[in-house]
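In: One predicted model, sequence on top.
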Amino acid sequence: MITVNGNTANNWASISEINVKTLGGTTATTSTIATTSSYNQVILNDHPIMFLAMDTPSTGTQLDLSGNGHNGVYKGGTPLLAQLPNGENIVDFDGATQYVSVPSSPALSVPTTGIITIESWIRPDTLQFPYYTAEGYVYFLGKGDPTNGYEYANRMYSLDNTANRPNRISDYAWNTSGGLGSGAYFQDNVQVSQWIHVTDVIDMRDTSSTYPTGYISIYKNGVLRGTVPLDQYNVIPQATSAPFNIGTRDGNSWFEGAIGKVAVYNYALSASQISNHYAAMTTSSTTIDTTPPTVSASPVSGIYTSAQSITLTASEPSTIYYTKDGSTPTISSPVYSSPVSISTTTTLKFFAKDTAGNFGNVVSASYTINIPTSTTNSYTQTILNDGPVMFLAMDT
């Protein structure tokens, strides 16, 4: 239960305003928190112990909508935004430094109830991650590090990797010492900017002859894709003090792409619940944006006798990337934020990526700068000052 402004509610979805103290000590009311989307409500109806929508990077903090106080902190910079299939915005990590960290809590460890379910929506911005482990994979969320010990995590392999697992997506559980973990996975063709709903279930309670110490399962887009026993490598999950991180696990690899709607449950979601969560996102009446943005330059390509200041304008809210050396720009290129100054002959190339993850075509604009040089000496200027009708210097 949460009490805010004297009102009691079960979760943040029921709170519309929050009174906060300003630096001057006065009380101010924040704007309404947009937590009551239909998808969020579907998740909250199933009582997660943590639910991070991943949609408020500008504030530096991500509130736990479950009301249990497992709030996240944005670290390593402020991510851009991407658009989910239902039109809602969530964070798009740069794959180098950006992540969200939630302090460790017993509620986020498997042994507390013996079962944990973790679900998230991911959208890779590349199929070949630049900051990866030795085997060619990155962790996109998890709880575990060399200092505090290991628990569980989700990973995605690059298209090319030394383990020959092209773009495999896995969930793993470990003993606290790390090493080999028990993992379930699916391995399908993946496209850049493709949304994938990933759900993991780690269960130590429901044992059987097949799963003597429990099991770990993985679902893709609401469908069960794999289950393996926890005793695959004699794994017995234990609690550690490692934080729950999103965008990385321990800072040794980084997911480049969007991650949102991260929810954790202290029980095993049923197959029908997981399928329902996937349907709640993908059957929304919201129109999905599949139109790539375009970018125009002003002034346009041409020959100029003075330095130029080039303004780039996108056809819709987008991030514009550009180069001035003639090379093809990528999302690692400079981001356009103000007019580009050109004082010498230059080939400017640019493209835009919109919030839905659509990439526009690369456009090239060539600017030839011919600035006249002055050859007038003092004698010549003296003559010209007297307005002759003809004056030949006789020097060329």
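Out: Noted; the coordinates are in hand.

In: Scan the protein for its longest helix.
Out: If you go by DSSP state H, the chain has its longest helix at helix 271-282.

In: which other residues reach that helix?
Out: 38-39, 42-43, 46, 84-86, 119, 121, 197, 199, 219, 221-224, 261, 269 (Cβ atoms under 8 Å, 6 or more residues apart in numbering). Any C-beta I mention is one placed from the backbone N, CA and C, and that applies to glycine too.

In: element containing residue 132, please.
Out: Using DSSP states H and E, residue 132 maps to neither a helix nor a strand.

In: before we move on, what about the one 10 residues further on?
Out: With elements delineated by DSSP H and E, residue 142 resides in strand 137-145, which encompasses its position.

In: Beyond the longest helix of the chain, next helix or strand please.
Out: Next in line after helix 271-282, if elements are assigned by DSSP H and E, sits strand 295-298.

In: ok but residue 381 is inside a strand, no?
Out: No: looking at residue 381 with DSSP: H, G, I helix; E, B strand; the rest coil, it is helix, so not inside a strand.

In: any idea how far it is from residue 391?
Out: Going from residue 381 to residue 391 by Cβ to Cβ, to the nearest Å gives 11 Å.

In: Could you point out which residue ranges in the stretch 51-200 of the chain have low pLDDT?
Out: Scanning the stretch 51-200 of the chain with the threshold set as pLDDT under 70 gives no residue ranges.

In: can you map out the strands along it?
Out: Listed in chain order, the strands found in the stretch 51-200 of the chain under DSSP state E, counting those that start in this stretch are 61-62, 72-75, 80-83, 89-94, 99-102, 115-124, 137-145, 149-157, 169-175, 178-186, 196-203.

In: Just give the strands next to the shortest one in its sheet, each with its orientation.
Out: Strands flanking strand 61-62 in the sheet, each with its direction: strand 72-75 (antiparallel) (DSSP bridges).

In: Check the longest one too.
Out: Sheet pairing of strand 115-124 (DSSP bridges) gives strand 196-203 (antiparallel), strand 256-265 (antiparallel).

In: List the neighbours of the first one that are in contact with it.
Out: Right, the one you point to is strand 196-203. Under Cβ under 8 Å, 6+ apart, the answer for strand 196-203 is 110, 114-123, 152, 154, 169, 171, 173, 184, 190, 211, 214-222, 230, 237, 268-269, 274, 277-278, 281.

In: any idea how far it is from the chain center?
Out: Put simply, strand 196-203 sits 19 Å off its chain's centre (Cα atoms, centre = their mean, to the nearest Å).

In: Would you mind measuring from residue 190 to residue 220?
Out: Taken as Cβ to Cβ, the span from residue 190 to residue 220 is 11 Å.

In: do residue 360 as well
Out: Taking Cβ to Cβ, one finds residue 360 at 29 Å from residue 220.

In: Name the residue closest to the centre of the chain, please.
Out: The residue lying closest to the centre of the chain (Cα atoms, centre = their mean) is residue 92, at 2.2 Å.

In: didn't that residue look like it was pressed against residue 79?
Out: Yes: under the criterion of Cβ atoms under 8 Å, residue 92 makes contact with residue 79 at 5.5 Å.

In: any weak-confidence spans in the stretch 201-350 of the chain?
Out: Ranges of the stretch 201-350 of the chain meeting pLDDT under 70: 284-288.

In: Strands along that one, start to end?
Out: Counting by DSSP E, counting those that start in this stretch, the strands of the stretch 201-350 of the chain are 215-220, 223-229, 244-246, 256-265, 295-298, 302-304, 308-314, 318-323, 340-342, 346-354.

In: Alpha carbons of the fifth one, in CSV - could you do that?
Out: What that stands for is strand 295-298. Output in CSV follows, covering the C-alpha atoms of strand 295-298 (Å, rounded to 0.1, in the frame of the first residue of the first chain):
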residue,chain,number,x,y,z
VAL,A,295,15.8,14.9,-43.5
SER,A,296,16.3,18.1,-45.5
ALA,A,297,19.2,20.5,-45.5
SER,A,298,19.0,24.2,-45.8
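
In: who touches it?
Out: Against strand 295-298 from outside (Cβ under 8 Å, 6+ apart): 310-315, 318, 320, 348, 350-352, 360, 363, 365.

In: I'd like to know which of these are buried.
Out: The neighbour count (16 or more other Cβ atoms under 10 Å) marks 310, 312, 314, 318, 320, 348, 350, 351, 352, 360, 363, 365 as buried among the contacts of strand 295-298.

In: What's the separation between the first one and residue 358?
Out: Distance check for residue 310 against residue 358: by Cβ to Cβ, it reads 23 Å.

In: same question, the second one
Out: In this view, residue 312 and residue 358 are 17 Å apart by Cβ to Cβ.

In: ok, now residue 282?
Out: For residue 282, the distance to residue 358 - Cβ to Cβ - is 18 Å.

In: Just list the residues touching residue 53, thanks.
Out: Contacts of residue 53 by Cβ under 8 Å, 6+ apart are 35, 40, 62, 65, 88, 90, 260, 261.

In: Just the closest of those to residue 135, please.
Out: Set against residue 135, the nearest of the contacts of residue 53 by Cβ to Cβ is residue 260 (26.5 Å).

In: which residues does that closest one bridge with?
Out: Residues in beta-bridge contact with residue 260 (DSSP bridges): residue 121.

In: Quick check, it in contact with residue 90.
Out: Yes: here residue 260 reaches residue 90: they are 2.9 Å apart, a contact under Cβ under 8 Å.

In: anything in contact with each of these two?
Out: 53, 54, 55, 82, 84, 121.

In: so who does the last one touch?
Out: Residue 121 is in contact with 84, 90, 195, 196, 197, 198, 258, 259, 260, 261, 281, counting by Cβ under 8 Å, 6+ apart.
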